[in-house]
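Q: here is my input; please provide its structure:
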Amino acid sequence: MLALATACTGGGVQGGPGAAGLRDPYFPKSGNGGYDVTHYRLGLAYTPQDAELTGTAEVTARATEALSAFNLDLDGMTVTKVTVDGKSARFNRAGQELTVRPPDDLAKGKTFRTVVSYAGKPKTITDPDGSKEGWLKSADGALGLGQPAGSMAWFPGNHHPSDKASYDIEVTVPKGFTAVSNGELKSRENSGSRDTFRWHSKEPMASYLATVAVGKYDTKTSATKDGLPVFIAVDPAEAKASAASLARIPEIIEWQEELFGDYPFSSVGAVVAREGAAEYALETQTRPVFPGAESVETDLVHELAHQWFGNSVTPKTWADMWLNEGFATYAEWLWDEDEGNKTVQEHFDENFKDADNWAFPPADPTGPEVISESPVYGRGAMVIHKIREELDDDELFFDIVEGWAQDHRHGNADTEDFKAYAEEESGQDLGDVWKTWLHGKDRPDGP
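A: Below you'll find the model as predicted:
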């Protein structure tokens, strides 16, 4: 990497290079130090026939320290130009790091705008657990999926969950294709053989929750009884089989609001890709993505619950992923019981007996390759249920669940924050729950 020496420039500002990673315990290279992004404006053009993406990313950020240089995460693609506040900036590439040297040092507290022009064939990234993310080519288009770090395959940014921002995403595709993203569709314009879709997300969003889906989708707009816009895009091959499940989105949102408080975003919906386009469902903000109709049926409640737990209340680091998955899994158990199927206790008992849930503590995964394994989900939900049992007061328990989601709305939180919140709100010492169920390595003798 090019050496970036401390410099002193006009105005007496003296800065140093920002860190090239945030030292996340599982993904230490993800994210960058020295600045906080407030807004992304992405202009993308994608041609499915040759899988070529052309992009312009405008990144508005505030310097949290005096900077002579800073990094953006971008894995692949060819960068052709970078400007900072309208002036050409030097840049170089090393792995997933795009290092930018602005012509003038940036003072601490300064808001600055970086524009990156880039193009190429965005790559598919293989995670430590072997799953695929980043830019996934589908039968007639592509999916951009980002958990935990795949968004850096299709736009440069500060790709760590601790840095959330608002987004404008504009996607131009050949006529006949649809481009779906997060938030609300502000406009659709035709220019000869191409259509441009403009999407806006005003609420803060972690970059791993950003998505773009390009394909020949059937789309439908509606609203909940409270007027929340619902936008659904479905691959025609999955439309008939997914229709009944998707029709329940307003009902599920209403049910979840009763438990978790007001829905945290200004729209909701889903993208149903053709089976095989991806290996998993993902809670992309306001518009979760499902790989086929079967996934909608099994995962819809879970991914919608993530809009509160994970999307609105976002983990500070990937060590806190159990807070996303534990709550979303527990929501599944509650829904199943309310539907007259298995009770929450039956789900708990099954998960207690499952040896996979005891491979490691949910708050202490043994490495990045297991952060999406059973203990984070099943045992994470068991932790939530043990809190409920320990409190022995359902009204208090659900007040804590709702309060956690509402008090930390659009913010970041970690395991220690949750521990402190649960104990403060309950007035009880929950140390045995944390010791045995959250951090304990061994399965106790009985549930």
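
Q: elements contacting the host helix or strand of residue 251?
A: Using DSSP states H and E, residue 251 falls within helix 249-260. On a contact count with 3 or more Cβ pairs under 8 Å, 6 or more residues apart in numbering; DSSP states H and E, helix 249-260 meets strand 229-234, strand 268-273, helix 293-305, helix 321-338, helix 394-407. Placement of C-beta: from N, CA and C, glycine included.

Q: burial check on residue 346, number of neighbours?
A: 13 (other Cβ atoms under 10 Å).

Q: does it count as helix, strand or coil?
A: Under the three-state scheme (DSSP: H, G, I helix; E, B strand; the rest coil), residue 346 adopts helix.

Q: distance of it relative to residue 305?
A: Plainly put, residue 346 is 19 Å away from residue 305 if you go by Cβ to Cβ, to the nearest Å.

Q: now do residue 194
A: Computed as Cβ to Cβ, the residue 194 to residue 305 distance reads 37 Å.

Q: out of these two, which sits in the more crowded spot?
A: residue 305 (27 against 15).

Q: wait, residue 28 touches residue 96, no?
A: No - using Cβ atoms under 8 Å, residue 28 is not in contact with residue 96, being 11.6 Å away.

Q: quick one: which of the two has more around it?
A: The neighbour comparison of residue 28 against residue 96 (other Cβ under 10 Å) goes to residue 96, with 21 against 12.

Q: centroid-nearest residue for this protein?
A: Computing the C-alpha centroid of the chain and ranking residues by Cα atoms, centre = their mean puts residue 209 first, at 2.6 Å.

Q: residues near the closest residue to it other than its chain neighbours, how many?
A: Spatial nearest neighbour of residue 209, excluding adjacent residues (Cβ to Cβ, 6 or more residues apart in numbering): residue 285 at 4.1 Å. As a burial measure, residue 285 scores 29 neighbours (other Cβ under 10 Å).

Q: before we move on, back to that, distance from the chain centre to the helix holding residue 251, please.
A: Centroid displacement of helix 249-260 relative to its chain, using Cα atoms, centre = their mean, to the nearest Å, is 20 Å.

Q: let me see the contact set for the residue nearest to residue 164 when sequence neighbours are not counted.
A: Excluding its sequence neighbours, the residue lying closest to residue 164 (Cβ to Cβ, 6+ apart) is residue 204, at 3.7 Å. Contact analysis of residue 204 by Cβ atoms under 8 Å, 6 or more residues apart in numbering lists 164-166, 410.

Q: again, but for residue 249
A: 224, 230, 232, 268-270, 300, 304.

Q: would a markdown table of these with distance to residue 101 and neighbour count be doable?
A: Below are these laid out as a markdown table (distance: Cβ to Cβ, whole Å; neighbours: other Cβ atoms under 10 Å):
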| residue | distance to residue 101 | neighbour count |
| --- | --- | --- |
| 224 | 49 | 17 |
| 230 | 45 | 20 |
| 232 | 45 | 24 |
| 268 | 42 | 23 |
| 269 | 41 | 23 |
| 270 | 42 | 25 |
| 300 | 47 | 22 |
| 304 | 43 | 25 |
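
Q: farthest pair within the residues you listed?
A: Spanning the widest gap among the contacts of residue 249 are 224 and 300, at 14.8 Å by Cβ to Cβ.

Q: after the helix-or-strand element of the chain with minimal mean pLDDT, next one along is what?
A: Ranked by mean pLDDT, DSSP states H and E, the weakest helix or strand in the chain is strand 7-8, scoring a mean of 38. On the C-terminal side of strand 7-8, the closest following helix or strand by DSSP H and E is strand 14-17.

Q: and that following strand, how far out from the chain's middle?
A: Centroid separation for strand 14-17 versus its chain: 31 Å, with Cα atoms, centre = their mean.

Q: pull out the buried positions in it.
A: 15-17 (16 or more other Cβ atoms under 10 Å).

Q: could I get the helices and strands packed on helix 249-260 as TSV with mean pLDDT and distance to residue 51?
A: Formatted as TSV, these follow (pLDDT from 0 to 100; distance: least, Cβ to Cβ, whole Å):
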stretch	mean pLDDT	distance to residue 51
strand 229-234	98	20
strand 268-273	98	16
helix 293-305	97	24
helix 321-338	98	31
helix 394-407	98	39
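
Q: can you say which of those is packed in most?
A: Compared across the helices and strands packed on helix 249-260, strand 268-273 shows the largest average neighbour count, a mean of 26 (mean count of other Cβ atoms under 10 Å).

Q: give me the contact list for stretch 344-360.
A: In contact with stretch 344-360 (Cβ under 8 Å, 6+ apart) are residues 330, 332-334, 336-337, 342, 366, 370, 373-375, 378-379, 381-382, 385, 441-443, 447.

Q: which ones are touching residue 91?
A: 79, 82, 98-101 are the contacts of residue 91 under Cβ under 8 Å, 6+ apart.

Q: I appreciate the help and will end here.
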